[in-house]
Each structure stands twice: as structure tokens, then as C-alpha cells.
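Asker: pasting a predicted model and its sequence here:
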Amino acid sequence: MQISSSDEAPAGSTPLFMLSFRQRDELARMAQRAGWAPIAVRRSEALERHFLASGASVAVIDARDALAEGLAAARVLADAVQANGAALLFLTGRREASAIAAAYEAGATHYLSSPFAEGEFVQALRFAVRHADRLAGGVRATAGGTGLPVAEEMSWRWSPGRPAALALSPALARVSGLPEDAAEVSRGQVQRLIGRAGMRAALHAISRLREEGGIAPFAHSALDGRRVAHHLRLEEAGQGTDATIVGHVEPLDGLRAGRAAVPRDPLTGLDDGHGARRWLEARLARGEGLILLVIGLSRFDMINAAFGRAAGDSIIGSVARRIERLAQPTGARRLVARLAGAEFAIGLPAPATLEEAELLAGELLSAIGRPYVAAEHVVALTARAGIAVGLPGEADAGKLLRHASLALADARDGETARVRVFTEGQESRHVEDRQLEHDLRLALDEDRIDILWQPQVSVSSGRIVGVEALARWRHPVLGELGAEALFAAAERSDYLVELSTHVQDKAIGIAAGWTGALGALRIAVNVTSADIAQPGFAQRILARAEQAGLRERLTVEVTESGLIEDLASAAALLAELRSGGLRVAVDDFGTGYSSLAYLKALPLDTIKIDRRLAQDIAGSARDRIVVRSVIDMARSLGLAVVAEGVETEEQLTLLAREGCNFYQGFLRAPPVDVSTLEGLLAA
């Protein structure tokens with residue numbers, strides 16, 4: 001749709017918050033063409049915080065082909081949307097029109113059912129904006145008013161005419177530790193601010209934006225470790241390599257451009273999460289000890305589902321009043337705050353004791369457990385509590401909140417104790433995980449992830465015909481870590497795609513230089529489901545293979561679960577890879593669906609039998625029948641079969657008898673470095 005000059009188009013910097021599980025980029029491009037500055041995400045983690053940080057008066061939830069996730073997200077955003085006078089536009093699929101009532105109950109103010117034209121989507125946005133403006137009295141209020149808090153815009157601009165400089169908004173300059181009048185910063189200053197990993201992500205996003213248009217988000221860690229997202233778009237004037245690029249900066253971990261945040265929770269009138277953190281930080285900074293309680297209502301989402309949002313809001317208000325009366329007697333300097341959703345915080349300054357805190361927690365849980373009347377309903381609640389002690393000299397409010405939340409999680413998991421006190425042992429595993437994630441980020445930045453190669457051997461000839469590239473990391477404390485530990489740490493820290501891309505690129509780069517016997521080997525690299533979900537993944541890896549001269553020798557290995565999540569999209573992507581000369585293998589076959597139907601639906605070359613299944617062939621007759629059926633299934637479709645984890649001659653003999661084509665495993669060699677691999681080829 002072309003917007004006419006008579007249409008009211010939003011200013012190009014007007015933010016629009018969007019959550020789309022399947023079609024984020026397409027939807028964001030529609031909004032951008034109509035004049036909005038979309039801030040679009042694919043995942044619902046920390047959704048309420050991201051929406052509020054965006055400053056948008058309209059949130060869009062795209063629930064097409066993801067109805068359950070969309071309704072859950074609407075329920076998460078509903079309180080923030082209602083409290084801040086915003087609008088929530090809910091998009092449903094063709095066969096999901098019956099979900100409109102459910103979307104309304106979940107908190108949506110507007111809806112649009114697929115299929116819809118771009119013009120219809122734009123008009124639905126305009127209706128939502130009008131709704132939000134009317135709720136705000138026609139003017140979007142400033143911080144402390146009735147509308148969404150308006151933060152100073154954190155943004156930057158980069159022009160091809162000045163490639164070595166980046167222009168920062170005053171707000172972004174300030175939070176970056178620069179003078180507000182620092183109109184431009186150099187490329188070197190940018191790299192120091194966002195780090196090498198952030199610079200790589202930025203350059204990749206810029207390249208993608210120039211090629212595809214729309215928006216191109218990327219994220220990085222700030223100097224203090226907090227996560228920051230950038231949403232890139234092209235300015236209307238100019239296209240491709242001539243266009244100025246504008247980046248809207250979204251804080252993911254509490255960074256704020258404004259000098260003060262709105263201190264109260266709109267639903268209850270209590271302090272909000274930011275106010276609670278400031279209360280804790282102020283007392284810890286003065287060297288005072290304190291005790292923190294976190295109260296969590298149990299299964300409160302079921303209350304909203306059973307009795308409606310209005311009843312739920314009424315009950316939350318009543319809970320807040322009961323907590324306030326007990327925890328905040330006249331003259332007390334205690335904190336009482338609603339952290340988020342159905343969780344409350346109570347802070348007891350020194351000289352409060354742990355016994356006093358435990359007694360108060362019990363009284364609070366008993367008070368919360370008394371019945372509530374909401375409209376014509378009588379509702380009973382249960383709750384749990386976690387307690388953490390902040391000792392004099394400690395200075396980390398976030399750590400104290402985390403400790404209390406861990407204790408609450410333990411109380412929720414337990415069957416008897418309704419109140420739990422945090423002990424240091426509870427966090428040891430969490431600390432180790434976070435340290436490993438931090439070390440992994442450094443290892444990626446400093447290129448300390450190595451590649452080992454496991455030979456793939458022809459069953460009939462005994463010749464090594466290919467290798468699988470496997471990541472290895474020699475951790476300075478934990479020793480050698482394999483791919484499984486590496487990728488688990490990467491997934492926890494949201495570095496999964498970066499690690500996977502790093503391993504793929506490094507393996508392809510090394511193999512590109514092989515000659516002689518090494519140069520005749522096929523190269524297999526692993527691809528995760530997160531890779532498949534990345535826009536432009538197929539084009540990127542095909543271009544990398546072409547550059548390395550490996551198009552005819554490269555195999556991509558994808559796990560069953562990564563393929564089955566979205567069969568239609570996976571089939572299209574694999575077809576594109578195969579048409580570009582690559583081969584495609586299903587990894588770990590036999591651990592999931594192992595379905596003939598989906599094997600027939602996908603363009604594949606090879607299946608790799610999972611090591612546990614391959615090793616079972618030496619077990620009972622029943623085990624051999626299972627392995628035989630898998631191999632027969634593959635052969636009936638013309639697929640090659642590779643058995644993983646072969647460790648004994650007996651296993652190899654039985655696999656050969658059933659028709660397996662290739663194997664890899666310790667029987668021939670573990671994953672090895674290049675020099676050892678050359679020796680194996682020469683033997």
C-alpha cells in the first residue's frame with residue numbers, strides 16, 4: 001500500500017513495539033514503510049520490561065501460527081498496557097478467528113485476522129494509536145503523567161559520507177560516559193564502547209540491512225556487562241549503500257537515558273521494581289545491613305483465566321493493601337514494592353533480625369491466604385516467600401534480589417516449607433554457570449575456540465572419506481570442554497548463534513587451505529535450530545562455502561528437533577542449500593521422531609544414526625531390528641547412512657551387515673587435530 005499525502009503518517013521516530021514469533025522482519029518492514037520506528041523481537045523473555053523501555057504507545061503481538069505463545073505474551077503485557085494507557089493489537093491466523101475472545105480476555109484492545117493486506121495492517125495500527133491517544137487525553141504524557149514514560153531517545157546515525165564517524169544523540173552520549181555535546185565519535189571509540197563482538201555484530205547487521213532493507217537488530221554487552229539492543233533502519237532518503245543508517249538503542253538490563261524513572265507501580269501505588277532497587281542500593285551504599293523478602297502468589301495466571309483481568313487486578317490491589325498494613329506499620333522505614341506481575345518485595349532495614357523476617361513472612365502468607373471478594377467471586381490464594389540477608393559492607397542490590405528470588409523458587413518447588421531462606425550453596429551452581437558464560441564470551445572475542453576433526457570412514461573400503469568439524473575449548477580452569485558443554489553455555493547466555501557461526505566459519509576457513517589427501521575430504525559442519533531461524537542463513541553459508549571453494553564438498557548437519565519445529569520452513573531452507581551444491585544430513589537420528597513421513601518431506605542426502613542407537617546393535621535381537629528398520633527406511637529413500645559412536649569391531653560388523661554406508665567413532669579415531677588427521681590419511 002502506498003500512503004497518500006492526506007493520510008496521517010507517524011513521525012519516522014515514533015516507536016512501535018512488536019513481538020512476532022515467525023514473521024518479525026516482514027511485519028517490521030510494513031510498519032517502517034508506514035512511518036513507524038519498529039522495535040521488534042522474536043522472543044517473549046522480559047517482555048514487559050522491553051515494552052516499557054521502548055516508549056511505544058502501541059504494542060503488536062503477532063500470534064499467527066503461534067496462538068498459545070501469543071496469548072501468553074498478551075497476558076504478560078496486559079497490565080503494563082492498561083496501566084500506561086497504551087493499546088495492544090493482536091494478530092491472529094486464518095483459522096484462529098475463534099481466538100479473538102481469548103485475546104480480549106488476555107488483554108488485547110484491538111485485533112486483526114489473517115489474511116490481511118499491508119494497508120489493513122497500517123489502518124489497524126492507526127486505530128490503536130487513536131485509542132492510546134484518547135486514553136492519554138490526546139497528548140502522550142511525559143514521565144510522571146498518565147501516559148507511557150517518555151525517555152530521552154537513545155539513538156545514533158551513520159552516514160556513508162562520513163564512514164569513520166558515528167553521530168550520537170545527547171542521551172546516548174550521556175549513558176556512554178561521554179559529554180552530551182559529543183556530536184560524533186570515531187570508529188575506535190565505538191569499538192571500545194561495544195567491544196569486538198559488538199562491532200562484528202553491528203557490521204553484520206549493517207550488511208544485512210543494506211541487502212534486505214527493513215530493520216536489522218543486534219545486541220551486545222555494554223562496558224558494565226549489561227545487555228543493549230540496537231534496531232537499525234535506513235533513512236527514507238537514499239537506498240542501499242548510499243542511505244544513512246539510524247540505530248535506535250534499547251536497554252535490555254535496566255540502563256536508562258533519563259535521569260529519573262517513574263517510582264510507583266500504577267496498579268497498586270506501591271514502589272515498582274526500579275524503586276525497590278533504588279531503596280536497596282541506597283542502604284547498601286551507606287553500609288547498612290538489611291533483610292529482603294520476596295513474596296510470590298501461586299498460579300495467579302489461573303485467577304485471571306478463571307475470573308477475568310478486572311477481577312485479577314482487584315485482587316492484586318487487595319493483596320498489596322494487606323501486605324502494606326502488616327509490613328509497613330506507622331513510622332517504619334521499610335520497603336514495600338510490587339516487583340512484577342504477582343511478586344512483591346519487603347525490605348527490612350537494620351537492626352531487623354532473620355527471626356523477625358521469618359515471623360513477618362509467615363504472617364504475610366497467612367494474611368494473603370484469607371479469601372478475597374472480586375465482583376461476585378470469592379477467591380482463595382496461596383503464596384510462598386523467599387528471604388535473603390544483606391550484610392553490612394555488601395554493595396550489590398541485584399545480587400540480593402537474585403538471592404531472595406532463588407529462595408522463593410526453592411519454596412515454590414518444595415512441598416512443605418512455604419518460607420525459604422537463601423544459603424550460599426544455592427547459588428554455587430548458578431555462579432559457575434555465569435562464570436562459564438562470561439569466559440565463553442571472552443574466548444569468542446579472542447578466537448580461543450579450537451576445531452577438531454572426527455574422521456568419517458567408508459564401511460566397505462575402510463577409507464577415510466570425510467570429517468566432521470567439532471568445537472573444543474581448553475578452559476583455563478575446567479580443562480577441555482567439548483561441543484555439548486560449549487553450546488549449552490552459549491544457549492544460556494544468548495550467544496548460541498554467534499558460537500555456531502564462529503565454529504562454522506573457522507572450520508570452513510581451515511578446510512579451504514587443505515591440499516593433497518586433506519583436500520579430497522568432505523567437510524561436515526553442524527547447524528543449530530537457532531541458525532535456521534536466522535534470516536539469510538542459507539545465503540550466508542552458501543556465500544562462505546563459495547568463497548572457500550567448498551560448495552561441492554560441504555555437508556551441513558541439522559538435528560531432528562531443529563528440523564521438525566517448522567517443517568515447511570526447514571524444507572525450503574534445505575532445498576536452497578542443496579540447490580547451491582551443499583549436502584544435507586540429519587544428525588542424531590533415532591533420538592526424536594524418526595518418522596518416514598518427515599524424511600520424505602525434506603530434501604536430504606544423509607541420515608546419521610545416533611551413537612546410542614548404533615551401539616544398541618550389539619545388544620538384543622530387538623535392538624538389531626530397530627537399527628535395521630532405520631537403515632532400511634533411509635535406503636528406501638535413497639539416503640546414505642552414517643553411524644556415530646562406533647567403538648567395537650562387533651558393532652561395525654553388524655552395522656555393515658545391515659547396510660550402513662559410513663561410520664565415525666573411537667574404533668577408528670576420536671576427534672583429532674589436523675596434523676594427526678594427516679597421519680591417519682597417510683597410514
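Answerer: Now that the structure is in, tell me what you want to look at.

Asker: identify each buried residue in the longest strand seen in the chain, please.
Answerer: Scanning the chain for the longest strand, with DSSP state E as the assignment, gives strand 464-475. Buried positions in strand 464-475, judged by neighbour count with 16 or more other C-beta atoms under 10 Å: 464, 466-473, 475. All C-beta atoms are positioned from the backbone trio N, CA, C, and that covers glycine.

Asker: got the contact list for the closest residue to Pro392 other than its chain neighbours?
Answerer: Distances taken as C-beta to C-beta, 6 or more residues apart in numbering place Gly289 nearest to Pro392, at 4.5 Å, with adjacent residues excluded. Residues in contact with Gly289 (C-beta atoms under 8 Å, 6 or more residues apart in numbering) are 350, 389-392.

Asker: what is the nearest of the residues you listed to Leu499?
Answerer: Gly390 (35.6 Å; C-beta to C-beta).

Asker: if we can go back for a sec, ok, the longest strand of the chain: who's next to it in the sheet?
Answerer: Partners of strand 464-475 in the sheet, by DSSP bridges, are strand 450-458 (antiparallel), strand 479-481 (antiparallel), strand 522-527 (parallel).

Asker: still on that earlier bit, distance of the residue nearest to Pro392 relative to Leu326?
Answerer: From Gly289 across to Leu326, the span is 22 Å (C-beta to C-beta, to the nearest Å).

Asker: coming back round to it: got phi/psi on the residue nearest to Pro392?
Answerer: Torsion angles at Gly289 (phi, psi; degrees, to the nearest 10) stand at phi -80, psi 160.

Asker: if I look at it, how far off is Val389?
Answerer: 8 Å.

Asker: quick one on the thing from earlier: using JSON lines, lay out the strands paired with strand 464-475 together with distance to Pro266, mean neighbour count and mean pLDDT.
Answerer: Listed next are the strands paired with strand 464-475 as JSON lines, based on distance: least, C-beta to C-beta, whole Å; neighbours: other C-beta atoms under 10 Å; pLDDT from 0 to 100:
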{"stretch": "strand 450-458", "distance to Pro266": "52", "mean neighbour count": "21", "mean pLDDT": "96"}
{"stretch": "strand 479-481", "distance to Pro266": "47", "mean neighbour count": "13", "mean pLDDT": "81"}
{"stretch": "strand 522-527", "distance to Pro266": "45", "mean neighbour count": "23", "mean pLDDT": "95"}
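
Asker: quick one: contacts for the closest residue to Thr382 other than its chain neighbours?
Answerer: Nearest residue to Thr382, sequence neighbours excluded (C-beta to C-beta, 6+ apart): Ser298, at 4.5 Å. Contact analysis of Ser298 by C-beta under 8 Å, 6+ apart lists 381-384, 412.

Asker: could you pull out the strands for the stretch 1-150 of the chain?
Answerer: 15-20, 37-41, 58-62, 87-92, 110-113 (DSSP state E, counting those that start in this stretch).

Asker: and for the residue nearest to Ala63 when sequence neighbours are not counted, the neighbour number?
Answerer: Spatially, and ignoring its direct neighbours in sequence, Ala63 is nearest to Gly70 (2.4 Å; C-beta to C-beta, 6+ apart). By other C-beta atoms under 10 Å, 28 other residues sit near Gly70.

Asker: ok, Gly70 touching Ile61?
Answerer: Yes. Between Gly70 and Ile61 there is a contact under C-beta atoms under 8 Å: 5.2 Å.

Asker: which residues do the two both contact?
Answerer: 19, 90-91.

Asker: from Gln454, how far out is Leu582?
Answerer: Applying C-beta to C-beta to Leu582 and Gln454 gives a distance of 19 Å.

Asker: looking at this protein, which helix is longest?
Answerer: helix 187-212 (DSSP state H).

Asker: averaged pLDDT, that one. What do you get?
Answerer: For helix 187-212, mean pLDDT is 80.

Asker: quick one: that helix to chain centroid distance?
Answerer: Chain-centre distance of helix 187-212: 20 Å, with C-alpha atoms, centre = their mean, to the nearest Å.

Asker: just checking, what packs against that helix?
Answerer: With contacts taken as 3 or more C-beta pairs under 8 Å, 6 or more residues apart in numbering; DSSP states H and E, helix 187-212 sits against strand 165-168, strand 215-221, strand 227-234, helix 425-445.

Asker: touching, Ile508 and Arg544? I think so.
Answerer: Yes. If you go by C-beta under 8 Å, Ile508 and Arg544 touch, sitting 5.5 Å apart.

Asker: strands of the stretch 251-400 of the chain, start to end?
Answerer: 290-297, 335-340, 343-349, 372-374, 377-379, 383-390.

Asker: so which of those strands is nearest Gly119?
Answerer: strand 335-340 (37.2 Å).

Asker: who does the closest one touch, helix- and strand-wise?
Answerer: Using 3+ C-beta pairs under 8 Å, 6+ apart, strand 335-340 is in contact with helix 273-285, helix 309-327, strand 343-349.

Asker: export that strand as CSV, just CAs?
Answerer: Output in CSV follows, covering the C-alpha atoms of strand 335-340 (Å, rounded to 0.1, in the frame of the first residue of the first chain):
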residue,chain,number,x,y,z
LEU,A,335,10.3,-1.0,51.6
VAL,A,336,7.0,-2.4,50.2
ALA,A,337,7.1,-2.8,46.4
ARG,A,338,5.4,-4.7,43.6
LEU,A,339,8.3,-6.1,41.6
ALA,A,340,6.3,-7.5,38.7
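
Asker: that one vs helix 309-327, what angle?
Answerer: 160 degrees (axes from the mean of the first three to the mean of the last three C-alpha atoms, to 10 degrees).

Asker: now do strand 335-340: distance to the chain's middle.
Answerer: 26 Å.

Asker: can you tell me what sits against it?
Answerer: With C-beta under 8 Å, 6+ apart as the criterion, strand 335-340 contacts 48, 265, 267-268, 270-273, 275-276, 279-280, 294, 316, 320, 323-324, 327-328, 344-347.

Asker: tabulate the strands paired with strand 464-475 in CSV, adding columns for distance to His131.
Answerer: What follows is the strands paired with strand 464-475, written out as CSV (distance: least, C-beta to C-beta, whole Å):
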stretch, distance to His131
strand 450-458, 55
strand 479-481, 52
strand 522-527, 44
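
Asker: nearest to Arg333, out of those strands?
Answerer: strand 479-481 (48.3 Å).

Asker: if we can go back for a sec, can you redo the strands of the stretch 251-400 of the chain as TSV with distance to Val419?
Answerer: What follows is the strands of the stretch 251-400 of the chain, written out as TSV (distance: least, C-beta to C-beta, whole Å):
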stretch	distance to Val419
strand 290-297	9
strand 335-340	17
strand 343-349	12
strand 372-374	21
strand 377-379	22
strand 383-390	5
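
Asker: mind listing what's buried in the helix or strand harbouring Glu498?
Answerer: Under DSSP states H and E, the secondary-structure element containing Glu498 is helix 496-512. By neighbour count on 16+ other C-beta under 10 Å, the buried set for helix 496-512 is 496-504, 506-508, 510-511.

Asker: that helix packs against which elements?
Answerer: Against helix 496-512 (3+ C-beta pairs under 8 Å, 6+ apart) you get helix 425-445, strand 450-458, strand 464-475, helix 483-492, strand 522-527, helix 529-533, helix 537-548.

Asker: so how far is Leu574 from Leu582?
Answerer: 9 Å.

Asker: with Ala124 instead?
Answerer: 35 Å.
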